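# here is a sequence with its predicted model. Questions after.
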Amino acid sequence: MYLIKKSEVLNIARELAKDHLVYGPVTDEATGQVLFDSLDDPGKADLGAPIPTIPPKNVVFPQMECIYSYRYDKNSRAVDIRQVNAVKPKALFGLRSCDLEGMRILDRFFLGQEFVDDFYLNNRKKTFIVTNTCIAPFAQCFCVCTDSGPSAKEGFDLNLTELGDEYLVEAGSDRGKALAEKLGLAKADGSYAAKKTAAVDRAMDLFTGFAVENKAWVSRVTNRVTTGFIKEDVWEYIGDQCFECGACTFVCPSCSCFNIEDVNKNDGSTERLRSWDSCSYEGYSKMAGDHNPRKPVEDRRNKRFFCKLSYSQSKKYLRPGCVGCGRCAWVCPGDIGLPNVVTYIRRETTK
Amino acid sequence: MADKHECDNGCKIVSIPQVATIEEIKDEIVDVKTFYLNIDDAGVREKFRIRSGQFIMCTVFGAGEFAVSLPPSPENDRFHISVRQVGKVTRALHALQVGDKVGIRGPFGNGFPFEDIKGKNVVYVAGGIGLIPLRSSIVHVLQNRKDFGRIILIYGARSPKDLMYQYNIDEWLKIDGFETYITIDSPAPGWTGETGFVHNLIPKANVPVDNTVAFVCGPPVMFNSVINVLMEQGLSDDCIISTLERHMKCGIGKCQHCAIGRTLVCTDGPVYTYRQIKTLGEQI
Amino acid sequence: MNYKPGICTFCGNGCGHFLRITDGGVGGVFASRNHPVSQGRLCVRGWNIHELLSTNRRILEPMVRRNGTLEKVSTDEALSLSMERLMKYAGESPDLVAVLASPRASNEETYLLMKLARTVLKTNNIGVDSDSGHRSSMDVLHAGTGFPGMLGSVKGITKTEFILVFDIDITKQNPILGSEIHRARRGGATLVTVDSRETQIARLSDTFVRTKPGSNKVILGALAKILIDENLVDSAFIQRHTAGFEGFANLLGSLSYDDIAAKTGVGLDDLRDIARKLAGAKSAMAFYPTGVSGLDSDMIGYLFNLFLLAGKIGCENSGINPVTGLNNLQGAFDMGAAPDLLTGFQPLGDSKAAAKFGDVWGVNPPAKAGKAPYAILDDPAGKLKAIVVMDHDEGIVRYAEKLKSVDFIVYIGAFENPFTEFAHVVLPVASYIETDGTYTNTERRIQLSRKKTEPASGVLPGWKLFSAMAGKGGAKWDYSSAEDVMKEISKLTPIYSKVNYAKLEKSFGIQWPCDEANPDGTESFSLGSVNRALNFVTLRGSYDVPAASKEYPWQLMVGKAQHYWHQNNLMKITKIPLREYNATLLMYTQGFIEISVADAKSLQVRDKWPVKVTSAQGTMNVSVKVSEEVGDGTAYVPYFVQDMITKFLLVHDEALKYGEDATIPVRIEKV
């Protein structure tokens, strides 16, 4: 454990910027919106900003990415496949714990199953992670219900916790420790562990609304989603409100569905593009020919909540699929962000 | 980025396709062609091994990639795929000529059981192009004829010209104890064989029940009626085996297009017992 | 930072978004939470706009048709040739040339195209692609209130007490507007949907009445009659603020209660219930479609008069609201892309206004009113020698045959488009993220979209391209930016008079009128802002509905399906939206006709079975889609689908003019 003055905390980002592309929370001046974006100036990072509307998922799993390109000469029948070059190491600075958990889900999903996803690995490897403890929750947060906050437990290189006018800096890896040493940070004495615990406890007490009322219900609903004991009319009620926009998938730190398309370029080459996809789309599961096994919209909603809230999916992720960030509720044109779905199922169950 | 064909993942081509040459193209039935393929890189070709029931991802350069089941037997069979043109990519494949190149990733998926079913009677029930994925297992089982009990193929198609692999069926009939029952949906000029739907042939074939596995593959309506008849005959749902087709983009369990309930067809399947299919929690 | 704020330019909603701009171009999109219209929401189109903006299916080089094929030429050559030919025909007679503006182009681009037509080609033959419905709407609203645009605003939706969604599949066409209405309903507003199909918004409504197709006018007339007969009208309001009540009340006399249920398929009690809810609410809004498949002016007039009776025009959170399908349809009219209008709905015939333009332009607009390009093409006697078409969707394809007889066609666009088949000259133009420009959404919100990427080398932004064309035509325009163009627009356009880029930059857009009295814009039309009576609109009093005959027992509705409006060319360039557009069609590869469960039963057909559809003019074979969305005796086909359907519908051009309320009597047979 180390300490750094609040006024100097961005020096960590500046140091990282020397050999990393640094991403962090930053406020767009024109719209006032907080984004998790690449920082031209590491000094612009805002550790006090609310949870960014854009999750850091995009950094390791871009919304649209050329995974490789090829050129096929029809006359000589020569094929030239070009792989994407290694990318520059990245640093994620000021990641909230919910978003770290989202990324750890992606890691386990893309890297930890039968096959390793080389393209994800290429983006993800060498990423330096600095997390930022939430000393107060934001209005939509319910990470306490999904075991993903308010403070990161593991998976970071450095974790920052704001304690008055200084930050406690915990190293979670050797390279985190090396960076702290390089910056010559002061060592924190043993009393700081208790101080951090107190800060996190205080944050826990500040949760209100859904996070408090539904704490037990998130796991009860998970049980029901897993076993299928949810009446069809609940899914219908949810399905009627689905606008099939895909937003919940795109803003979710742990959603990982993608589409692949070959795009022919003007120079005769072809790019194999992979881009975010959503199970809420009707065409998502359709097959060439005329069979769409998952046609009614409520079936498709059912599928998504199965991913976020079921034990079978948790087995792959080693934790619940939902990380409690609350973004899906922000962006839903219906009223079926995950917290509401839990509420609807709860209402139906207790009726 | 490491290319994974170096046999560090069970000899699979995982991420970047390997180039293969189309050595021969055979017209099968309307809209279906068979493409005999040969992987260009000799090192990869030598290590490339399949199991029956698996599939590959095939790239048609400039058009895209699609999942396709593998009809060849894993032993002593020319490597090929049989493809119906249904969409943009398969249409582009059909437009290719001998000598053209395609890309191959795979093989992927669990595959049909082989060792586990030795000593049993094997019944294949196929409808239309449902025979394509079953061909691999049929040939493999026939290549090891002595290890199995009765081997029965019950096959139906809309009309005589919709029957796949007729030349293969003729060859298989030469093998001792291979029983074949073929039907077309409705009478056609020159057809002297059975007419009617496939499931009606099952009682006629006097299908055994004990110590028997059935492989069923075909369009959803045919599939359901066949299952009903087999179960009525007394076959247990874990002795009925099928292979599912789904929209796939990656083949390696990542894109999630092929998710059915809690399972991913590309990595958990495509081969499932009917007992498993029933519990997938979604329409198949 | 990679993310740059901007606005979505698919539909007329004008949602806020961020585009992820990297060296490689546009790599992603994200929703804008603080944007007042979208508030963090986007639809399936908006969430995939990066697929469109990163496409290589662009028009990047000027082309000229030689010996039947388009050949690449230099910009200078293409411009010289274009203007030489256009000027030649215009010189013979201004009637021989026409300009079809785009409902997608920016205000600045459309303004300059309009100026080019009027000052260089000296013709008033100018119109907007897919214009009919919205112009009708503006005419009715202008006649009634003097305010030619949406009377209410998006912001007012969640504050109003009663919402009528009239004949629009709003959650598919303008999904975020639909979302806001759904939000209002959850907040306690009464939501009534009147439609011939059970749409998603119908399922989310308090009350849904399924009307027989073609009976919209009777429904609106009946609601008005009930208000009068049950004394539910706002008499004080009518007396103090309106004129023409008697005329409207008399007109309704010819509508008899006896056959309303038979004509509309809706019981009188249901209509009474709706009328009472409308009258009882403190505030009320209606949303209805505009654009190519919008309501006709008579129906919009009935809707307007109905709301006037209820005292729901000009008061807080009230009014009738046309929903524009395309991003700058409102703006295109605001910029005077109409044969009889200058900017901001100033009549060409108003000599004072015309003189003002003459002063600024140095050339007077031609005095003789022109005709819209479609009107000329529609007219069998119409003589058109040359036409300039910008960035169109597929409406004009209806005139494919006629276009073959036009000598010279110039197409201007940013994306590949099948229309280039018809063109003699093709001119590339920068896409909306490659230049600055403003767009006016369905609620009159003028929004600035800043340049985010460089256009390909040699490709000019619209304001430069039109200046260059004017130059070749002998005029001298010296704009140095799109902002310069807006300065001129605001000088000439009262409702845009206080609009400037600095103000737009600092806001999420400004709703017109933005003038001396309302420097920050105007959220909604209010009584206080006008010094005049609101007029009951003069209407026709015939209440015929298409009746089923023995020979043709089904009423076939023609409309939009899925997420797409028109045969949208932009959608076809994307991947995921294209897939979604095709999702239903992949299930029905031969195209489909939607019929009810009971009708399927009586025809003895099942889902996907082929049927033959016969009208007095033609036949088509399609698959049946058995659906609970249509009523018995009605059938539905989306008009953009298979060529077969399009061809079948083309001969029913007359019916198509009535847009969403159009019906074609047909017979359906099992084959």
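Now that the structure is in, tell me what you want to look at.

# can you pull out the strands in the stretch 101-250 of chain A?
Taking DSSP state E, counting those that start in this stretch as the criterion, the stretch 101-250 of chain A contains strands spanning A:128-132, A:158-163, A:166-171, A:186-187.

# partner strands of the last one, parallel or antiparallel?
Pointing back at strand A:186-187 there. Its sheet considered, strand A:186-187 pairs with strand A:2-5 (antiparallel) by DSSP bridges.

# swap in the first one?
The strands that strand A:128-132 pairs with in its sheet are strand A:90-95 (parallel), strand A:158-163 (parallel) (by DSSP bridges).

# what inclination does it have with respect to strand A:166-171?
140 degrees (axes from the mean of the first three to the mean of the last three C-alpha atoms, to 10 degrees).

# show residues contacting strand A:128-132.
The contact list for strand A:128-132, computed with C-beta atoms under 8 Å, 6 or more residues apart in numbering or on different chains, reads A:12-13, A:16, A:20, A:47, A:89-97, A:100, A:103, A:152, A:155-162, A:175-176, A:179. Heads up, the C-betas are built off the backbone N, CA and C, glycines and all.

# what is the mean pLDDT for it?
Across strand A:128-132, pLDDT averages out at 98.

# and the stretch 1-150 of chain B, which residues reach chain A?
B:1-4, B:9, B:14-17, B:19, B:21, B:59, B:61-66, B:86-87, B:89-90, B:99-101, B:103 (C-beta under 8 Å from any C-beta of the partner chain).

# is it fair to say C:V389 lies in a helix?
No. Judged by DSSP: H, G, I helix; E, B strand; the rest coil, C:V389 forms no part of a helix; its state is strand.

# what strand or helix carries the residue lying closest to it once chain neighbours are set aside?
The shortest distance from C:V389 to any non-neighbouring residue, by C-beta to C-beta, 6 or more residues apart in numbering or on different chains, is to C:L100 (4.6 Å). Here C:L100, judged by DSSP states H and E, is contained in strand C:97-101.

# which neighbouring elements make contact with that strand?
helix C:75-92, helix C:107-115, strand C:126-128, helix C:373-378, strand C:386-390 (3 or more C-beta pairs under 8 Å, 6 or more residues apart in numbering or on different chains; DSSP states H and E).

# so what are the sheet partners of that strand and their directions?
Strand C:97-101 is paired, per DSSP bridges, with strand C:126-128 (parallel), strand C:386-390 (parallel).

# what's the angle between the last one and helix C:75-92?
Inter-element angle recorded for strand C:386-390 and helix C:75-92: 130 degrees (by the same axes, to 10 degrees).

# which of the helices and strands packed on strand C:97-101 sits closest to A:K57?
helix C:107-115 (36.3 Å; C-beta to C-beta).

# report the rounded mean pLDDT for the closest one.
Helix C:107-115 comes out at a mean pLDDT of 98.

# tell me what that helix is packed against?
Using 3+ C-beta pairs under 8 Å, 6+ apart, helix C:107-115 is in contact with strand C:97-101, helix C:329-334, strand C:386-390, strand C:437-440, helix C:462-472, helix C:482-492.

# quick one: the fifth one to helix C:75-92, angle?
Note on geometry: by the same axes, to 10 degrees, helix C:462-472 and helix C:75-92 are set 60 degrees apart in direction.

# please enumerate residues in contact with helix C:462-472?
With C-beta under 8 Å, 6+ apart, helix C:462-472 has contacts from C:75, C:79-80, C:82-84, C:105-106, C:108-109, C:112-113, C:115-116, C:119-120, C:412, C:427, C:429-430, C:435, C:437, C:460, C:476-479, C:481-482, C:484-485.

# no further queries at this time; thank you.
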